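Student: Would you be able to build a 3D model of this:
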Amino acid sequence: MSLTSRRQFLATSALATAAAVSPSHAAGTSAMPKLVHHVFFWLKNPSSKEDLATLLAGIRSLGAIETIRSIHVGVPASTEKRDVVEASYSASELLLFDDVEGQNAYQAHPVHQKFVQDCSGLWSKVVVYDSVSVDVPAGSKP
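Tutor: So this is what the prediction gives:
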């Protein structure tokens, strides 16, 4: 599978996951946040349970940032092995924001800065997918 196809698949998957984890979506009470920030981390020492636990705790700490509308912290699922499934990463975070300004505030927030300072030595690679929702034409199913 080409890198472009894999990236398209991951971006699409991020949006689908965002729909599934959004509390406002589940309750049906308000519109889903507009910006999805999905980050994948590869640990330098992928077999270290301690490093993974430290990274996951650091990611969870980001939930205290007020512009985050929803957070999902995860590790690769034990789903069917297929060419389109990327499971070489160690952990991921999926964050939902109302808008780009909210995501920008998150980037500059002291809690995020502390996370990067405390945990960046644990990872060998990070990949970020940011996407904004597009309007669905009237009469179309989302």
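Student: Distance of the residue nearest to the spatial centre of the chain relative to His37?
Tutor: The residue lying closest to the centre of the chain (CA atoms, centre = their mean) is Leu94, at 2.1 Å. As for Leu94, its distance to His37 is 7 Å (criterion: CB to CB, to the nearest Å). In short, each C-beta sits where N, CA and C put it, glycine included.
Student: again, but for Leu95
Tutor: Where His37 is concerned, Leu95 sits at a distance of 4 Å (CB to CB).
Student: In terms of neighbours, single out the busier of those two.
Tutor: Neighbours per residue (other CB atoms under 10 Å) separate Leu95 from His37, with Leu95 holding more: 26 against 21.
Student: Which strand residues bridge the more buried one?
Tutor: Residues in a beta bridge with Leu95, per DSSP bridges, are His37, Ile71.
Student: Return the residues in contact with it.
Tutor: Leu95 makes contact with 36-39, 62, 68, 70-71, 103, 106, according to CB atoms under 8 Å, 6 or more residues apart in numbering.
Student: Please convert these to a markdown table, extending it with distance to Ser90 and pLDDT.
Tutor: Converted to a markdown table, these look like this (distance: CB to CB, whole Å; pLDDT from 0 to 100):
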| residue | distance to Ser90 | pLDDT |
| --- | --- | --- |
| Val36 | 20 | 97 |
| His37 | 18 | 98 |
| His38 | 15 | 98 |
| Val39 | 12 | 98 |
| Leu62 | 16 | 98 |
| Ile68 | 21 | 97 |
| Ser70 | 22 | 96 |
| Ile71 | 17 | 97 |
| Gln103 | 23 | 97 |
| Tyr106 | 21 | 98 |
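Student: Go through those residues and say which is closest to Val134.
Tutor: Val134 has its nearest neighbour among the contacts of Leu95 in Val36, at 11.8 Å by CB to CB.
Student: count of neighbours near that closest one?
Tutor: Around Val36 sit 24 other residues, with neighbours defined as other CB under 10 Å.
Student: can you start the count at 7 instead of 1 from here on
Tutor: Yes, from this point I'll number from 7; that puts the last item at Val42.
Student: That one is in contact with Ser137, isn't it?
Tutor: Yes: counting by CB atoms under 8 Å, Ser137 is a contact partner of Val42 at 5.0 Å.
Student: where along this structure do the helices fall?
Tutor: Using DSSP state H, the helices of the chain run over 9-27, 29-33, 55-67, 106-114, 116-125.
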